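> After the sequence you'll find the predicted model.
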Amino acid sequence: MDLINITLCNHLTELVVSCDHNGIIGYANPAAQRWSETPLEGRPFPALLTPESGHKGELFLEVARRASCQEPTLPWELTLGTATRYTVANFHGYSDNGCIVIIGQVEPGETTEMQHELLQLTSELAEAQREQRRQNRILQQTLHEQQRLLKTIHDLTAPAVPLWEGVLLLPLVGQIDSHRANAIAGELLQRVSAGRARYVILDVSGIALVDTAVARHLIDMAQMLRLLGAQPVLVGINPEIAQTLVHLGLNLFDFITVYSDVQHAVAYVLRKMKEVTL
């Protein structure tokens with residue numbers, strides 16, 4: 001392009017681009033350059049466009065090579081700019097003295113602003129979806145960890161340990177709720193019935209918290225053992241558990257034998273079994 005045309009094009013609001021026969025940009029006026037973060041000279045024409053419009057831009061160049069100044073191409077709608085700042089323009093092109101001249105008219109600003117708002121909304125929606133997926137992964141990991149901990153606690157406390165024939169030891173540790181208490185009681189009663197156990201030592205020293213509900217579960221478990229003919233022996237009572245049991249207004253000594261630790265409880269059971277044998 002000559003100097004006069006360049007001076008004129010520099011003041012136009014339309015996008016003016018001049019390319020060689022291979023589509024390499026030799027000149028881009030300021031209106032076109034503002035849509036590229038890097039200088040356009042020396043780069044192919046599709047560099048002005050968004051990646052999605054690159055192939056369509058190549059096709060446009062092919063048509064523009066065969067067009068003339070008297071009969072330029074029909075308008076082509078191409079998207080130019082970057083992924084975060086873009087607009088739509090209608091381009092005409094024609095070949096002139098070995099150059100391809102391309103002139104683009106950007107759509108009205110209102111349309112561009114609406115496109116920016118749509119892009120922002122889409123970006124916010126994508127971010128919200130990513131955050132939702134992250135929260136779902138955290139929730140799944142939390143649920144998996146809870147299930148693993150519950151299984152570990154169940155494996156540690158549910159089985160009653162046979163000390164010898166007719167005597168079972170049930171160590172209770174962790175947190176006791178209604179569901180877990182019912183599961184432990186059900187398995188314990190089956191072991192007592194199947195093994196004809198006469199004594200069951202209930203060690204509550206490992207329970208994290210004994211409130212009124214937990215104390216009631218222990219009392220109910222002891223009463224069920226008595227109905228099956230087994231003598232419950234309660235060990236590991238600490239001051240907090242003792243206060244809770246007293247507040248229930250129950251006299252444990254009417255149906256439960258209480259000892260401070262497992263060793264004394266075992267000694268008691270051995271003595272009672274020896275008395276029965278004699």
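Arrived safely, thanks for sending. Numbering: from 1, shown residues only.

> Sticking with G26, tell me its helix or strand.
G26 belongs to strand 25-28 when elements are defined using DSSP states H and E.

> And that strand, what does it pack against?
strand 15-19 (3 or more Cβ pairs under 8 Å, 6 or more residues apart in numbering; DSSP states H and E). (Each C-beta comes from the backbone N, C-alpha and C, glycine too.)

> I'd like the mean pLDDT over the strand it packs on, please.
The predicted model assigns strand 15-19 a mean pLDDT of 93.

> For it, what is the distance to the chain centroid?
49 Å (Cα atoms, centre = their mean, to the nearest Å).

> circling back: what are the buried residues along the strand holding G26?
Neighbour counts over strand 25-28 (16 or more other Cβ atoms under 10 Å) mark 25, 27-28 as buried.

> Give me the buried positions along whichever strand in the chain runs longest.
When the chain is parsed with DSSP state E, its longest strand is strand 86-96. Buried residues in strand 86-96, counted by 16+ other Cβ under 10 Å: 86-89, 91-95.

> Pipe the residues you listed into CSV and attach distance to I102 and pLDDT per row.
As requested, the buried residues of strand 86-96 are exported to CSV (distance: Cβ to Cβ, whole Å; pLDDT from 0 to 100):
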residue, distance to I102, pLDDT
Y86, 18, 79
T87, 16, 84
V88, 15, 88
A89, 10, 90
F91, 6, 95
H92, 7, 94
G93, 5, 94
Y94, 9, 94
S95, 11, 93
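
> host element of the most centrally placed residue in the chain?
Centroid-nearest residue in the chain, with Cα atoms, centre = their mean: R137, separated by 2.1 Å. Per DSSP H and E, R137 falls inside helix 109-157.

> That helix: what's the following helix or strand?
Next in line after helix 109-157, if elements are assigned by DSSP H and E, sits strand 161-164.

> neighbouring strands for that following strand, and are they parallel or not?
Applying DSSP bridges to the sheet, strand 161-164 is found paired with strand 167-174 (antiparallel).

> CA atoms only: put the strand it pairs with into PDB for me.
As requested, the backbone C-alpha atoms of strand 167-174 are provided in PDB (Å, rounded to 0.1, in the frame of the first residue of the first chain):
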ATOM      1  CA  VAL A 167     -16.500 -66.800  79.600                       C
ATOM      2  CA  LEU A 168     -16.500 -63.900  77.100                       C
ATOM      3  CA  LEU A 169     -14.700 -60.500  77.200                       C
ATOM      4  CA  LEU A 170     -16.300 -57.600  75.300                       C
ATOM      5  CA  PRO A 171     -14.000 -54.500  75.100                       C
ATOM      6  CA  LEU A 172     -16.000 -51.400  74.100                       C
ATOM      7  CA  VAL A 173     -14.000 -48.400  72.700                       C
ATOM      8  CA  GLY A 174     -14.900 -45.300  70.700                       C
END
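
> what angle do the helix or strand just after that strand and strand 167-174 make?
As assigned by DSSP H and E, the chain's next helix or strand after strand 167-174 is helix 178-195. Orientation check (axes from the mean of the first three to the mean of the last three Cα atoms, to 10 degrees): helix 178-195 against strand 167-174 gives 170 degrees.

> Buried residues in helix 178-195, which are they?
180-181, 184-185, 188-189, 191-192.

> Go through the helix or strand just after it and flag the buried ones.
Sequence-wise, the next helix or strand downstream of helix 178-195 (DSSP H and E) is strand 199-207. Going by neighbour count (16+ other Cβ under 10 Å), the buried part of strand 199-207 is 199-204, 207.

> Pull up the pairing partners for strand 199-207, direction included.
strand 167-174 (parallel), strand 231-235 (parallel).

> Check these for me and report the most buried one.
strand 231-235 (a mean of 22; mean count of other Cβ atoms under 10 Å).

> Tell me the helix or strand right after that one.
helix 239-247.

> Can you tell me what sits against that following helix?
Residues from elsewhere that reach helix 239-247 (Cβ atoms under 8 Å, 6 or more residues apart in numbering): 204, 207, 210-212, 214-215, 219, 237, 252.

> ok, 7 Å please
Contact partners of helix 239-247, identified using Cβ atoms under 7 Å, 6 or more residues apart in numbering, comprise 204, 210-212, 215, 252.
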